[in-house]
Structures are given as C-alpha cells and as structure tokens.
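Have a look at this fold, sequence not included:
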C-alpha cells in the first residue's frame, strides 16, 4: 500500500476464528500491531464470540494494537441477524475498558468485494499514524519500524524512500 509516498507492507495471518486454532492464537497475537475482528452479520453467534476474541486479543497483543470490528457478508442484508447499530455500539464501548479508545468499525462483503480493501487500508493507516506520531514508544510495537529502504527492485535508481517494514 502507498501512503503519502511511503510503501506500507503488511503480513496477514488468518485464524478464521476457529476453535482448533485457539491454542496457537497467542503466538499470532505476539507482535501484532493490527487486527480485524470479523463476524458474519447473518449469524448472531459469530457476533457474540467477538467479545471473547477481543478479550483474548487484548490479553496477548501489544496494548497499542489497532483493532477493527468487521461485519462481513453485508450482501446478505435480508438475512441480517446483527444490526449495524449494535455492532457500532459494541465497537464504541469495547468491553468498557477505559484505557482503550474504541474500535474501528466497518461492514464488508467479501463476495461482492465491498469495503474489504478499504478495511485493510484503514487499519494500516491507523497503525502508521500511531507509529509516526510517536504515540507508540520505541519498542512498544516491536514488529514495525519506520526506516529508509531502497524503493523498487532496480538498484541503478539508488533512490531511498521511507518505508514501514517488518523486523
């Protein structure tokens, strides 16, 4: 992703919220700087599980992690079981944890490719803001650093641009 002349690279892990991955999720959370907590708008149970997954995320991830609550399958409006208002309210209260600033929120449709890229981009933008504004102290989010790296693959250019990179 390009942002203000910066190349932002992301490494994405998908546990699909499956119980069989629960034992290894803490390993996924370590070093994570952003998370998309996805539920199916047509299945209330997936939404109800979001609170547990969010608590687990906050228990194991960096305290400055950027989290977006994502209601997927917006193409199934006629089968909607979770209202947008309820999800927005949940994202705003985030388990009544006062030191947290709320979750980002968006509804998407992977089937129709609606808002999927925007959701990822918004999380990356928020991560970049936290890192570049020094809201995050050095070493707090250890997986991200801002540095100058060579742009492109053509070594003859010799041009350097600031870039987010994994450590």
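Happy to help now that I have it. This one's a predicted model, so the numbers in the text were calculated from it and none came from an experiment.

Show me what the helix or strand harbouring residue 59 packs onto, helices and strands only.
Using DSSP states H and E, residue 59 falls within helix 44-60. Applying 3 or more Cβ pairs under 8 Å, 6 or more residues apart in numbering; DSSP states H and E, we find helix 44-60 packed against helix 25-29, strand 34-40, strand 66-72, helix 84-93. Quick note: C-beta positions are derived from backbone N, CA and C, even for glycine.

now do 6 Å
strand 34-40 (3 or more Cβ pairs under 6 Å, 6 or more residues apart in numbering; DSSP states H and E).

Give me the contacts around the strand it packs on.
Here strand 34-40 makes contact (Cβ atoms under 6 Å, 6 or more residues apart in numbering) with 46-47, 50, 53-54, 57, 66-70, 72-73, 123, 127.

What subset of the residues you listed is buried?
Buried members of these, scored by 16 or more other Cβ atoms under 10 Å, are 46-47, 50, 53-54, 57, 66-70, 72-73, 123, 127.

and the helix or strand hosting residue 119, average pLDDT?
Here residue 119 sits within helix 116-132, counting by DSSP H and E. Computed over helix 116-132, the mean pLDDT rounds to 89.

That helix: which residues count as buried?
For helix 116-132, burial by neighbour count (16+ other Cβ under 10 Å) applies to 116, 119-120, 122-128, 130-131.
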